[in-house]
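Engineer: what follows is a predicted protein model with its sequence.
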Amino acid sequence: MASQQESDDHRALSRRALRQKLEGLQGAGVTHLPKRQNTSAQRMPTADVPTAPPVKSAEAAPIPRHPAAARPPSQLVQLDLVRHEVTACVKCPHLAAARTQTVFGAGNPRARLCFIGEAPGADEDRLGEPFVGRAGQLLDKVIEACTLKRGDVYVLNVLKCRPPENRPPRPDEIANCRGYLERQLAILQPEYICCLGATAAQALLNTDESIGKLRGRFHKFDRATVLCTYHPSYLLRVPSAKRDVWEDMKVLMRAMGVELA
Ligand code: URA
């Protein structure tokens, strides 16, 4: 039979091995582990729990940590963690059941400027990228008029799932998705955010003011400077509003120090 001293040593070694494993995972960018489901079907009876063989203390000597292990996970790793959660999300079961796929966001994660739209449409749902349909083509023109390219900015939506028949997102859907948007922005840390349309502007700024009142002046979200303008889909319906969007973009580009031709 093992002496008390031996079983104490054994427990200390298991704890150390577990700590090293967790530090290794943390160094690789893993910040959360799934909680084991607390169902009796999954819980093992104590007698069946395999015991690790005792490890000689030389084998269990602490491994010197690589300096990289202390660094926070890279921006891409952090974004990927959120992306995986979004992909598996079923907080809105009706949207999850109807979607082809989630649409996380795309672009340059180091961009100074993020564009936030409303929700994926049919094209985005099919291709898994934001703003790839007709509204997206118009957004591309706006970005080009600002002398920028898609690859210079990051584009994302308030909702990551397509609402049926492209109806506007409901408040409960926006609330369910808000955490993902906030985490994306916390990782991306854009200096500037351009909200496209009322849904994005109201969701980000937590207001019910109309887009007509919100546009044309700067707002703040965390450390980012926010400008709101009309949604490209609105411009497809009301082309005369393009002039207003261009005025807004000029204000934004001036603030960013981007020279327009
Ligand atoms: N409209 C949006 O708001 N987002 C898209 O991705 C496409 C259309």
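Structural biologist: Yes, it's here.
Engineer: CA only for contacts and neighbour counts going forward, please
Structural biologist: Fine.
Engineer: mind checking the SS state of the most centrally placed residue in the chain?
Structural biologist: Residue closest to the average C-alpha location in the chain (CA atoms, centre = their mean): Q184, at 3.1 Å. Under DSSP: H, G, I helix; E, B strand; the rest coil, the three-state class of Q184 is helix.
Engineer: any idea how far the residue of the stretch 151-261 of the chain found nearest the ligand lies from I116?
Structural biologist: Nearest residue of the stretch 151-261 of the chain to the ligand, counting by CA to the nearest ligand atom: N157, 5.7 Å away. As judged by CA to CA, to the nearest Å, N157 and I116 stand 5 Å apart.
Engineer: anything in contact with each of these two?
Structural biologist: Contact criterion CA atoms under 8 Å, 6 or more residues apart in numbering; residues shared by N157 and I116: A200.
Engineer: K160 against A106, yeah?
Structural biologist: No: contact criterion CA atoms under 8 Å: K160 and A106 do not qualify, at 11.9 Å.
Engineer: show me which of these two is the more surrounded one.
Structural biologist: K160 (31 against 18; other CA atoms under 10 Å).
Engineer: who's the closest residue to M256 other than its chain neighbours bridged to?
Structural biologist: Counting by CA to CA, 6 or more residues apart in numbering, M256 lies nearest to Y192, which is 7.9 Å off, once chain neighbours are set aside. Here Y192 sits in beta bridges with L113, T225, going by DSSP bridges.
Engineer: can you pull the contacts of Y192?
Structural biologist: Counting by CA under 8 Å, 6+ apart, Y192 has contacts 112-114, 224-227, 256.
Engineer: which of these sit farthest apart?
Structural biologist: Taking CA to CA, the two most distant members of those are R112 and L227; they sit 13.3 Å apart.
Engineer: can you give me the pLDDT of the residue nearest to the centre of the chain?
Structural biologist: Q184 is assigned 98 on the pLDDT scale.
Engineer: now R99: how far from the ligand?
Structural biologist: 14 Å (CA to the nearest ligand atom, to the nearest Å).
Engineer: 19 is where my numbering starts, stick with that
Structural biologist: Let's use 19 as the start, then, which means that last one is R117.
Engineer: quick one: contacts for that residue?
Structural biologist: R117 neighbours (CA under 8 Å, 6+ apart): 143, 179-180.
Engineer: same deal with F239?
Structural biologist: With CA under 8 Å, 6+ apart, F239 has these contacts: 222-223.
Engineer: same thing with the one 3 residues further on?
Structural biologist: Listed by CA under 8 Å, 6+ apart, the contact set of A242 reads 207-211.
Engineer: picking up where we left off before, now the residue of the stretch 169-279 of the chain closest to the ligand: closest residue in space, sequence neighbours ignored.
Structural biologist: Nearest to N175 is G135, by CA to CA, 6+ apart, at 4.4 Å.
Engineer: confirm for me that that neighbour is in contact with P186.
Structural biologist: No: if you go by CA under 8 Å, G135 and P186 don't touch, sitting 11.5 Å apart.
Engineer: mind listing the shared neighbours of the two?
Structural biologist: Common neighbours of G135 and P186 (CA under 8 Å, 6+ apart) are T217.
Engineer: who has more neighbours out of those two?
Structural biologist: The neighbour comparison of G135 against P186 (other CA under 10 Å) goes to G135, with 23 against 12.
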